[in-house]
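1. predicted coordinates and the sequence they were generated for:
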Amino acid sequence: MASVVVLVLASPGCPGEPGTGGEAGGKEESPLPEIDADGLVVTVRPVPPLSASGAVNVETTVRNPTDATRTFCDYHTPFEGIQNIIFEVHDADGNDVPYGGIMGSRIAPGPDAFIALEPGASRSVTVDISGDYELPVGSYTVAFKGGLVSGLPDSEAVSIEVGP
């Protein structure tokens, strides 16, 4: 299993996160979008083939079933890659599979860190979780963990089968 690397670059968080205000270093910055992820739905699905000797790809989709444009921050989501504990992974016995990837923090986000979804729109990204979780052959459940940084809700857990 990979060792955990902690990368800290001083992150006051995304605007819309309590206590952040969207300022960095006391300077007033240009207005950034506010997080408004109410009603967004996050799903995760396996992308076969899933192999203990290769990739274990999962696709995360954020869907906007509401009648208004909704915005979320891509920090701590698969849309920026895996830079923190953003997935909850359990083995067939319900035991946590420990996260072994980097723990990244960043400076305040710029405008390009926000994703706006129009009503009825969705956005998906596929990531390989095998570099961050030790996944030998077996059965697992995987769920996305949302939070204050992104504004996204958690997903439902899905079952995956990792083959040789």
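-> Thanks, I have it.
2. quick check, central residue of the protein?
-> Nearest to the geometric centre of the chain sits Thr77, at 2.1 Å (Cα atoms, centre = their mean).
3. roughly how far apart are that one and Ser155?
-> 11 Å (Cβ to Cβ, to the nearest Å). Using the backbone N, CA and C atoms, a C-beta is placed for each residue, glycine as well.
4. got any residues that touch both of those two?
-> Residues touching both Thr77 and Ser155 by Cβ atoms under 8 Å, 6 or more residues apart in numbering: 60, 144.
5. one step back: what's the residue nearest to the centre of the chain in contact with, if anything?
-> If you count contacts by Cβ under 8 Å, 6+ apart, Thr77 has them with 60, 62, 86, 144, 150, 152.
6. now do the phi/psi pair for it.
-> Main-chain dihedrals, Thr77, degrees, to the nearest 10: phi -130, psi 160.
7. quick one, grab the pLDDT at it.
-> We have a pLDDT of 96 for Thr77.
8. next: Val158.
-> pLDDT for Val158: 98.
9. Gly104 too?
-> pLDDT, Gly104: 76.
10. likewise Leu148?
-> Looking at Leu148, its pLDDT reads 81.
11. ok, now how distant is it from Val41?
-> Taken as Cβ to Cβ, the span from Leu148 to Val41 is 18 Å.
12. same check, this time on Arg106
-> Arg106 is 26 Å from Val41, by Cβ to Cβ.
13. ok, those two, which is more surrounded?
-> Neighbours were counted for Arg106 and for Val41 using other Cβ atoms under 10 Å; Arg106 has more, 20 against 15.
14. quick one, phi/psi of the more buried one?
-> With angles defined as degrees, to the nearest 10, Arg106 sits at phi -130, psi 170.
15. equivalent analysis for Asp112, please.
-> Backbone geometry at Asp112, expressed as degrees, to the nearest 10, gives phi -80, psi -10.
16. report pLDDT for it.
-> What the model reports as pLDDT for Asp112 is 92.
17. please report how far it lies from Tyr75.
-> 11 Å.
18. again, but for Leu148
-> The gap separating Leu148 from Tyr75 is 10 Å, by Cβ to Cβ.
19. more neighbours, those two?
-> Using other Cβ under 10 Å as the criterion, Leu148 and Tyr75 rank with Tyr75 on top: 25 against 16.
20. that one: what secondary structure?
-> Following DSSP: H, G, I helix; E, B strand; the rest coil, the label given to Tyr75 is coil.
21. the nearest residue to it once chain neighbours are set aside: how many residues sit nearby?
-> Excluding its sequence neighbours, the residue lying closest to Tyr75 (Cβ to Cβ, 6 or more residues apart in numbering) is Val149, at 4.8 Å. Using other Cβ under 10 Å, Val149 is surrounded by 24 other residues.
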